[in-house]
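S.K.: just to be clear, the model below is a prediction. Sequence and coordinates:
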Amino acid sequence: GQQLNQSPQSMFIQEGEDVSMNCTSSSIFNTWLWYKQDPGEGPVLLIALYKAGELTSNGRLTAQFGITRKDSFLNISASIPSDVGIYFCAGQLTGNTGKLIFGQGTTLQVKP
Amino acid sequence: DAGITQSPRHKVTETGTPVTLRCHQTENHRYMYWYRQDPGHGLRLIHYSYGVKDTDKGEVSDGYSVSRSKTEDFLLTLESATSSQTSVYFCAISWTGAGNTIYFGEGSWLTVV
C-alpha cells in the first residue's frame, strides 16, 4: 500500500533551536495534515494544507505543501519544552473518502 | 477537543472473546474512522464510514467489523479477539471527507491476554 516516509525518526534539541521535519511519498495527495501527539492522548491537528505550494503558519509552526504534491515539511521555530511529543504527517489521498496515510512519526525531545 | 468520546478508554480481555469499542460524536460529522496505532507502524486505518449504514474497509480490516446505525455512533467490533489486536484504537471524524480536516478522539487502550 501507500507509504509516507517521515524523517527524522527522532530529534533531541536544545531549547530555542529551530526544528525541521519532512514527509515524502511516491503517491500524490490532495491534502497534507500535521498532527502532534502527547503521551496517552490522541493526535491533535496542528496545520492543514490544501493546495500545492501552500505555505501556512500557526504561531511558531510553519508547514508547506510540496509543489509535486508528494511531500510536505513542518518547521518549528524557537523550540520550547512543551513542544516535546511525537509529530505525524498525514496525506489524504485523491478521491472523496478522506482516508489518511500516516508517516511513522518524529519524536521530538527538547532540553531546557 | 472535537466532541469525540471513545469508550471504554481501557480494557483488558481474553483471547477469543468479543469486544466492542464505541465512538460517539456530537459534531454531526458525516465521516467517521477507526485507526489503530502500534509501535513502528504509526496509525493505520481499520474501517471508515461515510454515512449511516455506509461503511468500507481500510488497510487493516481483517478481524474487525463496524456498524453505524446513527450519525453520532460508530462501533468497532473484534469478533474474537487475538493478541495481535492488542493496540491503541483511535476514532476520528471529518465533516466532508476529502479536503477537510480530520479530528481524533483520545484513544482506547485494548490489551488481549
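M.R.: Looks like it arrived, so ask away.

S.K.: report the central residue of chain B.
M.R.: B:Trp34 (2.8 Å; Cα atoms, centre = their mean).

S.K.: pull the contacting residues for that one.
M.R.: By Cβ atoms under 8 Å, 6 or more residues apart in numbering or on different chains, the residues touching B:Trp34 are B:21, B:23, B:45-48, B:58, B:64, B:66, B:74, B:76, B:89-92. Every residue, glycine included, has its C-beta placed from N, CA and C.

S.K.: of those, list those near chain A.
M.R.: B:Leu45, B:Tyr48, B:Gly58, B:Phe90 (Cβ under 8 Å from any Cβ of the partner chain).

S.K.: so the last one sits against B:Gly105, correct?
M.R.: Yes - B:Phe90 is in contact with B:Gly105 according to Cβ atoms under 8 Å; the separation is 5.9 Å.

S.K.: shared neighbours, those two?
M.R.: With Cβ under 8 Å, 6+ apart, B:Phe90 and B:Gly105 have common neighbours A:Gly42, B:Gln6.

S.K.: of the two, who's got more company?
M.R.: Per other Cβ atoms under 10 Å in any protein chain shown, whichever of B:Phe90 and B:Gly105 has more neighbours is B:Gly105, with 27 against 24.

S.K.: got the phi/psi numbers for that one?
M.R.: With angles defined as degrees, to the nearest 10, B:Gly105 sits at phi -80, psi -170.

S.K.: count the neighbours of residue 108 for me.
M.R.: The chain I'm using is chain A. Neighbour count for A:Leu108, taken as other Cβ under 10 Å: 20.

S.K.: I was after chain B.
M.R.: Neighbour number of B:Ser108 under other Cβ under 10 Å is 24.

S.K.: pretty sure it sits against B:Thr13.
M.R.: No - if you go by Cβ under 8 Å, B:Ser108 and B:Thr13 don't touch, sitting 11.7 Å apart.

S.K.: which non-adjacent residue is nearest residue 89?
M.R.: Reading this off chain A. Using Cβ to Cβ, 6 or more residues apart in numbering or on different chains and skipping the chain neighbours, the partner closest in space to A:Cys89 is A:Cys23 (3.7 Å).

S.K.: my question was about chain B
M.R.: Per Cβ to Cβ, 6+ apart, closest to B:Tyr89 is B:Ser108, 4.6 Å.

S.K.: any idea how far the one you found lies from B:Glu59?
M.R.: B:Ser108 sits 19 Å away from B:Glu59, going by Cβ to Cβ, to the nearest Å.
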